[in-house]
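**Q** can you look at this prediction? I've put the sequence above it.
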Amino acid sequence: MTKAPIEDASPVRVVLVDDHAIFRSGLKADLASDIQIVGEAGTVEDAISVIASERPDVVLLDVHLPGGRGGGGAEVLAGCAAQLEGTRFLALSVSDAAQDVVTVIRAGARGYVTKSISGEEISAAVRRVASGDAVFSPRLAGFVLDAFSGAQVASVDEELDLLSDRELQVMRLIARGYSYREVAKELFISIKTVESHVSNVLRKLQLSNRHELTRWAVDRRLL
C-alpha cells in the first residue's frame, strides 16, 4: 500500500554556507524534497547577510570559510546570534578534529556532522535540528561531552581558542611537515602570510619552533 504524501507538512527552510560551489550544488541535489534551500553563501560576510535576510529555520554551515576576521563558521554564528533567535545552525564539514567540533558548538551550533554522510542522513539531521534536537556524527559526540564535562580536553581547548581559524589551518599543515611554500599553495595565500601565521601560532602557544609545534599537535591528536 502506497503512503499518501503529507500535504500539510511545511518545508524546512535552509541556508547553505560553504565556499565550494560544486559541493553546494551536489548537496542541493541530494537533499530530500521537504528541505528547501532559500539562500547560499561562500564567505563569512555573505553568510551573515543572507542569513539575516532570509531568516531560515536551519543553516548548514561549513566550519572553514574565507572572509571576515578568519573565524570561519564560528564567526558567522557570532555575527548572527543576537538577531536570529529562531534559526538553528548545523555544522557540516570535512573536518572531524576535536577543536573544530568544540569551537563551533561553543559558538552556538546545534550539531556537527561530517560531509561523508549521505543525502538521506543529512536531510534527517536538518529535520532534527529544526525541531530542536542536537545532532552529531557518532564519533564526534564524545568530543563535545569531554569538552563540557571539565575533562582534560577542556584545558587543551583553551589554548586552541587563542588561534584564529586560518592559524589553525596553517598550524595543522606545518605540523604535518608541509613547507611554507606548500602551505601557501594549499591555502592560496602568500609565503609571507604563512610565515606571519606561523610566528603568531608559536607566540600564542609559547612554542619555539615547528618541531615543538608538531609534538604539541600530535599530543593533542590534531593531525
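**A** That came through, no problem.
**Q** could you dump the host helix or strand of residue 59 to CSV, C-alpha only?
**A** Using DSSP states H and E, residue 59 falls within strand 58-61. Extracted C-alpha coordinates of strand 58-61, given in CSV (Å, rounded to 0.1, in the frame of the first residue of the first chain):
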residue,chain,number,x,y,z
VAL,A,58,18.3,25.9,9.7
VAL,A,59,21.8,27.0,8.5
LEU,A,60,24.0,24.3,7.1
LEU,A,61,27.4,25.8,8.0
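**Q** packing partners for it?
**A** Contact here means 3 or more CB pairs under 8 Å, 6 or more residues apart in numbering; DSSP states H and E; on that basis strand 58-61 packs against strand 12-17, helix 44-54, helix 72-80, strand 88-93, helix 119-130. Yep, even glycine has a C-beta here, placed from its N, CA and C like the rest.
**Q** which residues touch the residue nearest in space to the middle of the chain?
**A** The chain has residue 63 as the residue nearest its centroid, 1.8 Å off, counting by CA atoms, centre = their mean. By CB atoms under 8 Å, 6 or more residues apart in numbering, the contact list for residue 63 reads 72, 73, 74, 91, 93, 95, 100, 103, 104, 165.
**Q** then residue 114?
**A** By CB under 8 Å, 6+ apart, the neighbours of residue 114 are 92, 93, 94, 95, 96, 137, 140.
**Q** tell me what the helix ranked longest in the chain is packed against?
**A** In the chain, assigned by DSSP state H, the helix with the most residues is helix 191-205. Helix 191-205 is packed against helix 165-175, helix 180-187, helix 210-219, with contacts defined by 3+ CB pairs under 8 Å, 6+ apart.
**Q** highest mean neighbour count out of those helices?
**A** Most buried of the helices and strands packed on helix 191-205, by mean neighbour count (mean count of other CB atoms under 10 Å): helix 165-175, with a mean of 22.
**Q** that older thread, what mean pLDDT does the strand holding residue 59 have?
**A** Averaged across strand 58-61, the pLDDT comes to 96.
**Q** can you list the strands that it pairs with?
**A** The sheet places strand 58-61 alongside strand 12-17 (parallel), strand 88-93 (parallel), with pairing taken from DSSP bridges.
**Q** list the buried ones in the first one?
**A** For strand 12-17, the buried set under the neighbour-count rule, 16 or more other CB atoms under 10 Å, comprises 12, 13, 14, 15, 16, 17.
**Q** ok, the residues you listed vs residue 123, which is closest?
**A** For those, the minimum distance to residue 123 (CB to CB) is 8.8 Å, reached by residue 12.
**Q** so where's the chain uncertain?
**A** Residues of the chain that meet the criterion pLDDT under 70 lie in 1-9, 81-84, 139, 141-158, 220-223.
**Q** what about 90?
**A** 1-10, 64-75, 77-86, 93-111, 114-118, 132-179, 182-188, 204-223 (pLDDT under 90).
**Q** could I get the strands paired with strand 58-61 as JSON lines with distance to residue 58?
**A** Below are the strands paired with strand 58-61 laid out as JSON lines (distance: least, CB to CB, whole Å):
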{"stretch": "strand 12-17", "distance to residue 58": "5"}
{"stretch": "strand 88-93", "distance to residue 58": "5"}
